[in-house]
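Asker: Show me the folded form of this:
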Amino acid sequence: MSISSSSSSSSLSSPNPIRSKHIIDTATTDLQDETEFECEPFFAHIPSLPDDQIKHLRSTGLLRRIIPPNNDDNNDDNDNESSNNNKKDYIIQLLRNKHSDFCSRPFHPKSIFPLPQSYTSLDSSRPWILYWTLHSLDLLSAIPDQEEKLIGVVHTIEACWASVRSPQSSSHHRHAEGDGGEGEGGGFGGGPHQIPHAATSYAAVQTLVIIAGQGDAYPNASELALDLLRRKREAMYVWFLSLRHPNPSSSSSSSSSSVTPPCGYRMHHDGEVDVRATYTLCAMASLLNILTESLTEGMMEYIISCQTFEGGFGGVPYAEAHGGYTFCALAALHILVTTTTTATIPKKEIKKEIIPKKEIKGGVIGEGVVGDTKGGSGGGVASRTLEDCEGFDTEALRGWLSRRQMGYEGGFQGRCNKLVDGCYSYWIGGAIAILDLGRGSTRDISGSDSSVGEVCDDGNDEKVDDSIRKNFDSGVFAWDDQVDKFGILRSTNDGYDDNHDADCMDTNENKDDYNEGGLSFDQKLLQRYILLCGQDVNGGLRDKPSKPRDFYHTCYNLSGLSVSQHVLTRQQRQPKKNTDDSKINNPTVTQYEQDDYNVLGATHPVYNLRPERVLFILDAFQKL
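Answerer: Next up is the predicted model:
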């Protein structure tokens, strides 16, 4: 029996969803029908499955029996599956241990556990492999328990560093080793002796932030990662500036106008210009506190110029709207409109011929606040909401994003008339989460006037500044910072404003609304697709059931699952007079299956890092 047919998991309480109906049959509708037919066995109703399939699914770990509290039979190994209506007590389970084992493969010695030969095609993506697997393990709360492995990751990332002279000062001559001399910038390539690239630099920085954010748990690895970021920070800033690509067609027409002309970024010297570069550089710069006016000038204008008539964003102006590019555009805009910190870079670290003299102020390069209420990305007070971005159609984007969720499968497609793909669980799900954050939909249950939610830190001794929490809000709530062994953020806050009627209590009619979550898509439907169709029974996650598992889809399936569980989650209210902790200590997560074992660690929808890692690195570089 094939994995597809033998893994016929279930939506426990509902019948099969309705298949798509088409007015005209085309090649596109035929592919859609094939995909729905492929997913259909995974939506079988568990009580309707024969005993042998139930037993097989339990042996793979996908099914787990929940013993009712009033049932004295605690023997989960009972082979009589049909007795006492036991089939109704099964739930779908996240294969945490198998996924952890799969993602740990790159950290084993080659002599013990070499990667398959097919991975040679990813030789120029080594930082990506490290980020995909390490972030997945972080979400699974399964970071390698040997600090030497994390130290080895830092050394591997450092080996990917390459210095490069700015095109303004010399040819694109690359130096494979060393920090380079004055006037040299640099970034991380896909492997040793490869040119620096915005995408692999982003993956390298993300990986280093994960390790640095481990703090006291792995102090040597944490300090080593943090030190590497400190040493390379200024050189990366020089390199970022050398990647600027002003739009020639708009610069002449805007020369006499006060409107800032659009300016994109290249992925590498002589490389393509698109919003991936804008997002990756923007994210790295904000984390490292080097997001200066010199970098952000024209950034917002370029991003907005990439919005299409459909509502989504293409990689470049006038291109087709795409889920990955839409995420990059929206995440970069979110950073630009919410960043209110002052970036500082020592003047002595930057060669004067690369930076205009007007940017040198009192020993600080590019000192100022980014974000502009008029839609420009120059200096000024941050606009705080995406709706304030001039020329940005948020409603059209919201409509385009909402149409990407597939009615039958429950997952997301990346473009109109395309098929469902597990990786868009994050690219589209994360984009919707950012858009919901941007409109101020975060529910404030503390009774304060602020609309910004808090994120949970990891218990570091040094308190993270409240302004950093607000500027880099993740939408993940943890009022008392209580995190259980599964990484669930729990609260003993009763969810009431002080002026709220103490006798008021949620009724059965609106009780389910809190369980559905606060995001503008069906969170449980997405989780169903990930748990039922995305999981490989041998570990790892995939695009769809007919596709093989890989590190990329494992990372973004898990990231999308985390976003759907944690971001803007709602708390069921309880009356104030009820002081029974067991009744008010509710998980602040949204779940398809009510099982703590399935809950991942929270991820920040903008950076796709655990919020505590983001706060750690922001706090570290704010103090420079």
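Asker: for the stretch 201-350 of the chain, what are the low-confidence residue spans?
Answerer: The model of the stretch 201-350 of the chain has pLDDT under 70 over residues 248-258, 340-342, 344-350.
Asker: all helices for it, in order.
Answerer: Secondary structure of the stretch 201-350 of the chain (DSSP state H, counting those that start in this stretch): helices located at 219-242, 248-253, 275-287, 293-296, 299-305, 323-338.
Asker: Can you pull out the low-pLDDT segments for the stretch 51-200 of the chain?
Answerer: Checking the stretch 51-200 of the chain against pLDDT under 70 turns up 68-88, 167-183.
Asker: residue boundaries of the strands in it?
Answerer: Applying DSSP state E, counting those that start in this stretch to the stretch 51-200 of the chain gives strands spanning 63-65, 90-92, 161-165, 174-175, 184-188.
Asker: if you compare those, which one is most tucked away?
Answerer: Highest mean neighbour count among the strands of the stretch 51-200 of the chain (mean count of other C-beta atoms under 10 Å): strand 184-188, with a mean of 26. C-beta here means a position set from N, CA and C on the backbone, and glycine is covered the same way.
Asker: same for it, what does it pack against?
Answerer: The contact analysis (3 or more C-beta pairs under 8 Å, 6 or more residues apart in numbering; DSSP states H and E) places strand 184-188 against strand 161-165, helix 198-212, helix 219-242.
Asker: buried sites along the last one?
Answerer: By that I understand helix 219-242. 221-222, 224-226, 228-229, 232-242 (16 or more other C-beta atoms under 10 Å).
Asker: will you turn the helices and strands packed on strand 184-188 into JSON lines that also has distance to residue 192?
Answerer: JSON lines is the format used below for those (distance: least, C-beta to C-beta, whole Å):
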{"stretch": "strand 161-165", "distance to residue 192": "9"}
{"stretch": "helix 198-212", "distance to residue 192": "12"}
{"stretch": "helix 219-242", "distance to residue 192": "15"}
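Asker: Show me which residues of stretch 531-539 are buried.
Answerer: Applying 16+ other C-beta under 10 Å to stretch 531-539 flags 531-537, 539 as buried.
Asker: Tell me which of the strands of the stretch 51-200 of the chain sits nearest to residue 543.
Answerer: Residue 543 lies closest, by C-beta to C-beta, to one member of the strands of the stretch 51-200 of the chain: strand 90-92, at 19.1 Å.
Asker: What is that closest one packed up against?
Answerer: Using 3+ C-beta pairs under 8 Å, 6+ apart, strand 90-92 is in contact with strand 63-65.
Asker: Residue 214: what's it in contact with?
Answerer: 143, 150, 221-222 (C-beta atoms under 8 Å, 6 or more residues apart in numbering).
Asker: what do you get for residue 140?
Answerer: 96, 99-100, 103, 558, 600-601 are the contacts of residue 140 under C-beta under 8 Å, 6+ apart.
Asker: From residue 29, how far out is it?
Answerer: Applying C-beta to C-beta, to the nearest Å, the value for residue 140 to residue 29 is 38 Å.
Asker: Looking at the contacts of residue 140, which are in helices?
Answerer: 96, 99-100, 103, 558 (DSSP state H).
Asker: from memory residue 402 sits against residue 521, does it?
Answerer: Yes. Residue 402 lies in contact with residue 521 (C-beta atoms under 8 Å); the separation is 6.5 Å.
Asker: neighbour-wise, which of those two wins?
Answerer: More neighbours surround residue 521 than the other of residue 402 and residue 521, with 19 against 15 (other C-beta atoms under 10 Å).
Asker: Report the separation between residue 184 and residue 235.
Answerer: Computed with C-beta to C-beta, the distance linking residue 184 and residue 235 is 7 Å.
Asker: Apologies, that question was intended for residue 532.
Answerer: Counting by C-beta to C-beta, the gap from residue 532 to residue 235 is 46 Å.
Asker: Same list (the buried residues of stretch 531-539) but as a markdown table, adding pLDDT.
Answerer: Shown next, in a markdown table, are the buried residues of stretch 531-539 (pLDDT from 0 to 100):
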| residue | pLDDT |
| --- | --- |
| 531 | 96 |
| 532 | 95 |
| 533 | 97 |
| 534 | 97 |
| 535 | 97 |
| 536 | 97 |
| 537 | 95 |
| 539 | 97 |
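Asker: For residue 281, state which of those is nearest.
Answerer: Closest to residue 281, out of all of the buried residues of stretch 531-539 and judged by C-beta to C-beta, is residue 534, at 30.6 Å.
Asker: Now do the contacts for the closest one.
Answerer: Counted by C-beta under 8 Å, 6+ apart, residue 534 has contacts 411, 422, 425, 541-542, 544, 553, 557.
Asker: Narrow these to those in strands?
Answerer: Judged by DSSP state E, strands contain none of the contacts of residue 534.
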